[in-house]
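Generate coordinates for the sequence data below:
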Amino acid sequence: MPVAPAPPRNSRRVLVLILVGLAFLAGAALAVWAFPYVSRLWTPQVAAPEHVPVLGVAQRSATLAAARPMDATSQDLLDVRIRELEDRLTRITVEAQAASGNAARAEGLLVAVAARRSLDSGAPLGYVEGQLRLRFGQAQPRAVATIINAAREPVTLADLEAELDAIGPHLTGNPPDASWWTTFKNEARQMVIIRKSSTPSPLPDRAYRRAQRLLESGRVDAALVEVERLPAHDVADRWLQMARRYREARRALDLIETAAILEPRQIRTGDGAAVAQQSPLAP
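Residues are numbered from 1 along each chain as shown. This next block holds a predicted model:
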């Protein structure tokens with residue numbers, strides 16, 4: 001009777017080894033997964049250290065300086081330094097005020113020069129009129145009014161020369177409506193003239209020529225005096241009025257220019273503010 005063959009041992013051994021290996025791997029995986037939880041349970045919790053503020057070097061120095069009393073020498077040095085700073089600030093303020101005042105005076109002088117040019121050319125004042133009122137209205141109100149009125153009816157040097165040339169024949173001769181007695185006196189007066197050698201000739205034609213030369217040189221005041229001395233000066237009434245207006249306007253301009261340079265307090269800036277700084281040219 002034949003006997004059945006026994007199962008091979010090698011296959012069983014391989015199966016056992018496989019099962020043991022799988023069990024080992026499963027145990028290792030379980031150990032790796034459970035390790036953080038187990039270590040958290042067994043590790044004691046350490047409290048976080050409290051934040052302790054650390055003073056900086058500058059803060060510690062300031063604290064120590066505040067706590068340390070200042071000696072007398074240091075206090076004196078500090079007072080001297082403060083006084084020096086105050087004096088420097090005062091000088092800077094004074095210099096700034098002086099510069100502002102001098103600038104305002106220079107601007108005022110430019111306004112006066114612009115007004116003179118307008119009157120000399122017979123052009124309207126334009127914006128200069130407002131600047132005259134603003135800057136010099138309180139210091140020289142009458143001069144400002146004279147200049148503005150003269151600009152509205154301008155009289156130039158050329159106008160005076162042309163008018164004097166037009167009335168020249170009437171000034172040097174007898175008036176057309178003069179009586180025979182007036183004509184006789186004028187002729188007799190010119191026949192015999194007694195005067196010093198240094199005195200200008202009073203003859204009408206020579207006085208008239210002197211007036212013309214004076215006008216050409218811009219000396220309206222002297223020309224006005226010469227025409228007023230002429231026997232027929234009534235004929236020159238219109239010219240005399242024009243010459244007087246011209247003279248008054250130029251005197252007003254002189255006052256404005258002087259105020260721009262020497263006026264102590266009442267001159268104004270372009271914004272209408274008073275100039276507190278005195279003129280450096282003031283006596």
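
use CA for all of it now, contacts and neighbours both
Will do.

Okay, and the closest residue to Ala112 other than its chain neighbours sits in which element?
Of all residues not flanking Ala112 in the chain, Glu257 sits nearest, at 5.8 Å (CA to CA, 6 or more residues apart in numbering). In the assignment (DSSP states H and E), Glu257 maps to helix 237-262.

Which parts of that helix count as buried, going by neighbours?
By neighbour count, with 16 or more other CA atoms under 10 Å as the criterion, the buried positions of helix 237-262 are 239-240, 242-247, 249-250, 252-257, 259-262.

What's the separation between the residue nearest to Ala112 and Glu163?
29 Å (CA to CA, to the nearest Å).

Kindly report the same for Gly108.
34 Å.

between those two, which one's more packed in?
Neighbours per residue (other CA atoms under 10 Å) separate Gly108 from Glu163, with Gly108 holding more: 26 against 15.

hang on, that one packs against Ala260?
Yes: proximity of Gly108 to Ala260 meets the contact threshold set by CA atoms under 8 Å, at 5.4 Å.

So Leu125 belongs to a strand, correct?
No: assigned with DSSP: H, G, I helix; E, B strand; the rest coil, Leu125 falls outside any strand and is coil.

Would you confirm that it contacts Arg116?
No: contact between Leu125 and Arg116 fails when scored by CA under 8 Å: they sit 9.3 Å apart.

what sits against Gly218?
Leu157 (CA atoms under 8 Å, 6 or more residues apart in numbering).

picking up where we left off before, for the helix holding Glu257, packing partners?
Applying 3 or more CA pairs under 8 Å, 6 or more residues apart in numbering; DSSP states H and E, one finds that helix 237-262 contacts helix 72-121, helix 141-152, helix 157-172, helix 220-229.

what comes up buried for the following helix or strand past the first one?
What it means is helix 72-121. Sequence-wise, the next helix or strand downstream of helix 72-121 (DSSP H and E) is helix 127-136. Buried residues in helix 127-136, counted by 16+ other CA under 10 Å: Val128, Glu129, Gln131, Leu132, Arg133, Leu134, Arg135, Phe136.

Could you take those and lay them out as CSV, with extra columns for pLDDT?
Formatted as CSV, the buried residues of helix 127-136 follow (pLDDT from 0 to 100):
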residue, pLDDT
Val128, 92
Glu129, 93
Gln131, 90
Leu132, 92
Arg133, 92
Leu134, 88
Arg135, 88
Phe136, 90
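
so where's the stretch 151-283 of the chain uncertain?
173-202, 263-283 (pLDDT under 70).

Apply 50 and report the result again.
The model of the stretch 151-283 of the chain has pLDDT under 50 over residues 281.

and Leu125, how many residues sit next to it?
20.

From Gln75, how far off is it?
Applying CA to CA to Leu125 and Gln75 gives a distance of 63 Å.

since we're on Asn149, how many residues are nearby?
13.
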